[in-house]
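>>> Give me coordinates for this.
(one chain, ligands or ions: 2)
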Amino acid sequence: MPRIQLDYSIYLVTGRELLPPGKDYYESLEESLQGGVTLVQVREKNADTGEFIEVARRTKQICDKYNVPVLINDRIDVHLAVGTAGIHIGQTDCPLPLARQLIGPDAIIGLSVRNLNECKRAIEQKADYIGIGTVWRTESKDTKGRKCLGPDGTGEILDLLHDTGVQAVAIGGIHLPNLPQLLHGSISPKYSNSLDGIAIISDIVSSKNPRESASNLREIVDSFKRARKSLNQYQVKGGVFDSPFVIEHRNKNEFTNDYLIKRVEDLMNVLKDETPLINQLTNKVVMNDSANVTLAVGASPIMSTNPRDVYDLSPAIGACLINFGTIDDKEGMQVAGRQANVNKKPLIFDPVAVGATSFRRETAQELLAHWQPTVIKGNAAEIGAMAESSEVASRGVDAAGSGFKDPGSIVKQLAKKRAAIIVLTGPEDYISDGNLVIKLSNGSHYLEKITGSGCQAGTLIACFSAASKIDYLNKNNEELFENKSQLVQGDMLLGAIAGILVYTVASEIAAERSDVKGPGTFRSALIDELYNLTPETISQRAKIEIRY
Ligand SMILES: Nc1ncnc2c1ncn2[C@@H]1O[C@H](COP(=O)(O)OP(=O)(O)OP(=O)(O)O)[C@@H](O)[C@H]1O
Ligand SMILES: Cc1ncsc1CCO
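Numbering: from 1, shown residues only. Ligands and ions are numbered 1, 2, ... in the order given. Take a look at the predicted model:
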């Protein structure tokens, strides 16, 4: 007989010791069930057997009213005594094959896994589900000193579950603000598997209003699952594009060069009308040029790096750029990126020279464990390093060699792996959201002769991503925004395309000017041409190729 199918969406792990003062455990449990908890695990670290059985029995009585199954942490005897749906065991508890013998074929067995090897063993031993963790460090004692997996590490484990039927929840440090980041950031690199749910302790148990806490979490998980479903449907049916990070539905017939140019023009106007503030944590080399190109397209720069300051600024900004060219402000970068996710701001990551040193590679990993970027931009060496490809090497901040044989598939695969828009710069630029690849062929050879042209391109992607979010909010009532799991509202693919197109078209005009004699005059002519650029010029010059 097949075992019952559980809904792992919001998996509450109880912890009576975490209740707020004066809150009754059973009252809190019932409220959380009303809010949308889909599965409950009774975990009692200090109770005697008799007390554990009593707590489990009453928990089951309450959960039965809401048709929510109950699992027991570790204790097979308590499970048998109360007749719950199954057990959850850790790596040092009763071995899974023995537990299976003891509780029979029909009960659910879940296993905690911390790494790929433990996951492989869980599959071999036929666990029904795995609890992947710890995702992020938590205050609770048992996670101190443990290696945290982050969304990335969680995603690597999810790949192993492909075609196994084993379900997965993530656990550890998951709270409402970082939930969208976890769900998107853990989409597995190879098979695009995603989490079946999240295990939550303190966000619900310690809450004074567990109904509301559970319901907020549930809304995000449900909308993420809906978005994944519609993405899968698109892949089967073809034609309609929708991705978890781009809200606009794309129809193949409507998504043409003319449509793109029209939308880029719209965003140019939005920037001039709304002047969004763009916080840029960037390198010392380009800071002044980046601030000037921001002003030239109508946005407003602020180069804030102090952790307290970036935290306070975050709600007010239109987008955030993190460029780690000189890696001076790692803590500020961690806070700025995290708050950009929390406040649903476009977050552009420019991992300058990431492949050049192990320090840079480790810093990129560390930052990506803290936040989920909306767009990752780099030259061939940087994108190659992010994609773990050895085709293009890095020579300091520049790419060495002539580029990838198949740049389109590199950006598409990396976009899927990272659940982000990927921009690969060079004589031709390739941009992908994991479904489409857009090739842009404007630009000037002078861009290779000034420092920080890639950094400025990143700045303009940040400006136009901000414009794309504003444009979306101007056209749609935010209250109607149904996909709560979305990291950012607005079309972020379009933001990236607009940033590159505006930069490269302006560079062509600057390079053609008779007063431009070399990189020095080009540099200031470029700022002027960005300032004077009109939508008509974009439409006359844009060289766009859309590939499906
Ligand atoms: N030979 C070229 N012809 C046309 N456009 C180019 C050329 N090389 C680069 N570009 C443009 O210049 C911008 C920067 O791209 P590039 O790949 O040179 O960045 P980068 O190597 O990261 O630069 P930096 O490290 O100086 O910031 C992009 O918009 C790209 O389209
Ligand atoms: C030259 C240089 N060094 C660190 S960042 C930077 C700017 C170009 O990326």
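>>> residues from this structure in reach of ligand 2?
Selection of the chain residues close to ligand 2 by CB under 6 Å from any ligand atom yields 283, 285, 286, 325, 326, 352, 397, 451, 452, 454, 455. The C-beta positions use only the backbone N, C-alpha and C, and glycine is treated the same way.
>>> Next to ligand 1, which bits of the stretch 351-500 of the chain? Give me the list.
Proximity of the stretch 351-500 of the chain to ligand 1 is assessed by CB under 6 Å from any ligand atom, with 379, 397-399, 425-427, 429, 443-445, 447-448, 451-455, 457, 500 identified as the residues in range.
>>> Just list the residues touching whatever residue of the stretch 201-350 of the chain ends up closest to ligand 2, thanks.
When you check the stretch 201-350 of the chain against ligand 2 by CB to the nearest ligand atom, the closest residue turns out to be residue 325, at 2.7 Å. Under the criterion of CB atoms under 8 Å, 6 or more residues apart in numbering, the neighbours of residue 325 are 282, 283, 284, 285, 286, 350, 352, 353, 397, 452, 455.
>>> picking that back up, farthest pair within the residues of the chain next to ligand 2?
With CB to CB as the measure, no two of these lie farther apart than 326 and 454, at 14.1 Å.
>>> higher neighbour count, the two?
Neighbours were tallied for residue 326 and for residue 454 using other CB atoms under 10 Å; the higher tally belongs to residue 454 (26 against 13).
>>> surely that one meets residue 353?
No: applying CB atoms under 8 Å as the test, residue 454 and residue 353 come out as separate, 10.2 Å apart.
>>> Now list the buried members of the residues of the stretch 351-500 of the chain next to ligand 1.
379, 397, 399, 425-426, 429, 443-444, 447, 451-455, 457, 500 (16 or more other CB atoms under 10 Å).
>>> Shouldn't the residue of the stretch 201-350 of the chain closest to ligand 2 be within a helix?
No: remark: residue 325 does not belong to a helix; assigned using DSSP: H, G, I helix; E, B strand; the rest coil, it is coil.
>>> Could you list the low-pLDDT ranges of this protein?
Residues of the chain that meet the criterion pLDDT under 70 lie in 1-2, 139-146, 227, 229-252, 400-402, 477-485.
>>> That one against ligand 1: which residues are in contact?
379, 397-399, 425-427, 429, 443-445, 447-448, 451-455, 457, 500, 503-504.
>>> Now go through these and say which are in helices.
Restricting those to those inside helices, with DSSP state H as the criterion, leaves 453, 454, 455, 457, 500, 503, 504.
>>> Closest one to residue 103 out of the residues of the chain next to ligand 2, please.
Taking CB to CB as the measure, residue 103 sits nearest to residue 352 out of these, at 54.1 Å.
>>> And the helices in the stretch 401-548 of the chain?
407-418, 453-475, 492-512, 519-532, 535-541 (DSSP state H, counting those that start in this stretch).
>>> could you give the angle of the longest one to helix 492-512?
Looking back up the chat, that one is helix 453-475. Angular relation of helix 453-475 and helix 492-512 on a 0 to 180 degree scale: 130 degrees, by axes from the mean of the first three to the mean of the last three CA atoms, to 10 degrees.
>>> Pretty sure residue 363 sits in a helix.
Yes: the assignment for residue 363 by three-state DSSP puts it in a helix.
>>> With adjacent residues omitted, what lies nearest to residue 8?
Leaving aside its sequence neighbours, residue 8 sits nearest to residue 197 (CB to CB, 6 or more residues apart in numbering; 3.2 Å).
>>> What of residue 286?
Counting by CB to CB, 6+ apart, residue 452 is the residue found nearest to residue 286 once chain neighbours are left out, at 3.3 Å.
>>> who's in contact with residue 43?
13, 14, 15, 73, 74.
>>> ok, so what distance separates the spatially closest residue to it that is not a sequence neighbour from residue 110?
Leaving out its chain neighbours, the residue that sits closest to residue 43 by CB to CB, 6+ apart is residue 73, at 3.9 Å. When CB to CB, to the nearest Å is the yardstick, residue 73 and residue 110 sit 10 Å from each other.
>>> Report the beta-bridge partners for the residue nearest to residue 8.
According to DSSP bridges, residue 169 are recorded as the beta-bridge partners of residue 197.
>>> How about the stretch 1-150 of the chain: which residue is closest to ligand 1?
For the stretch 1-150 of the chain and ligand 1, the shortest gap (CB to the nearest ligand atom) falls at residue 150, measuring 25.9 Å.
>>> correct me, but that residue touches residue 368?
Yes: because the distance of 7.4 Å satisfies CB under 8 Å, residue 150 is recorded as touching residue 368.
>>> pretty sure the residue nearest to residue 286 contacts residue 291?
No: taking CB under 8 Å as the contact criterion, residue 452 and residue 291 are not neighbours in contact, 11.7 Å apart.
>>> Just the closest residue of the stretch 401-548 of the chain to ligand 2, please.
As assessed by CB to the nearest ligand atom, ligand 2 sits closest to residue 452 within the stretch 401-548 of the chain, at 4.5 Å.
>>> now that residue: how far from residue 296?
Between residue 452 and residue 296 the distance is 15 Å, computed by CB to CB.
>>> got the residue ranges for the strands in the stretch 151-300 of the chain?
Counting by DSSP state E, counting those that start in this stretch, the stretch 151-300 of the chain has these strands, from start to end: 167-171, 197-200, 240-243, 246-251, 277-281, 300-302.
>>> Give the other helices and strands that the fifth one contacts.
Strand 277-281 makes packing contacts with helix 287-296, strand 300-302, helix 307-313, strand 319-323, helix 330-342, helix 453-475 when contacts are defined by 3 or more CB pairs under 8 Å, 6 or more residues apart in numbering; DSSP states H and E.
>>> list the helices and strands the fourth one packs on?
The criterion is 3+ CB pairs under 8 Å, 6+ apart, and the helices and strands that strand 319-323 contacts are strand 277-281, helix 330-342, strand 347-350, helix 453-475.
>>> Go through the ones you listed and pick out the most buried.
Per-stretch averages of neighbours, counted by mean count of other CB atoms under 10 Å, single out strand 347-350 among the helices and strands packed on strand 319-323, with a mean of 30.
>>> ok, it: who's next to it in the sheet?
strand 319-323 (parallel), strand 375-378 (parallel).
>>> and residue 178, how far is that from ligand 2?
With the distance defined as CB to the nearest ligand atom, to the nearest Å, residue 178 ends up 29 Å from ligand 2.
>>> Was I right to think that residue contacts residue 337?
No: shown here, residue 178 and residue 337 do not form a contact pair, counting by CB under 8 Å, at 11.3 Å.
>>> give me every residue that touches the spatially closest residue to residue 338 that is not a sequence neighbour.
Leaving aside its sequence neighbours, residue 338 sits nearest to residue 371 (CB to CB, 6+ apart; 5.0 Å). By CB under 8 Å, 6+ apart, the contact list for residue 371 reads 181, 334, 337, 338, 340, 341, 347.
>>> burial count for the closest residue to the second one other than its chain neighbours?
Read that as residue 334. Spatially, and ignoring its direct neighbours in sequence, residue 334 is nearest to residue 370 (4.7 Å; CB to CB, 6+ apart). Residues near residue 370, counting by other CB under 10 Å, number 19.
>>> Nice, that's everything, thank you.
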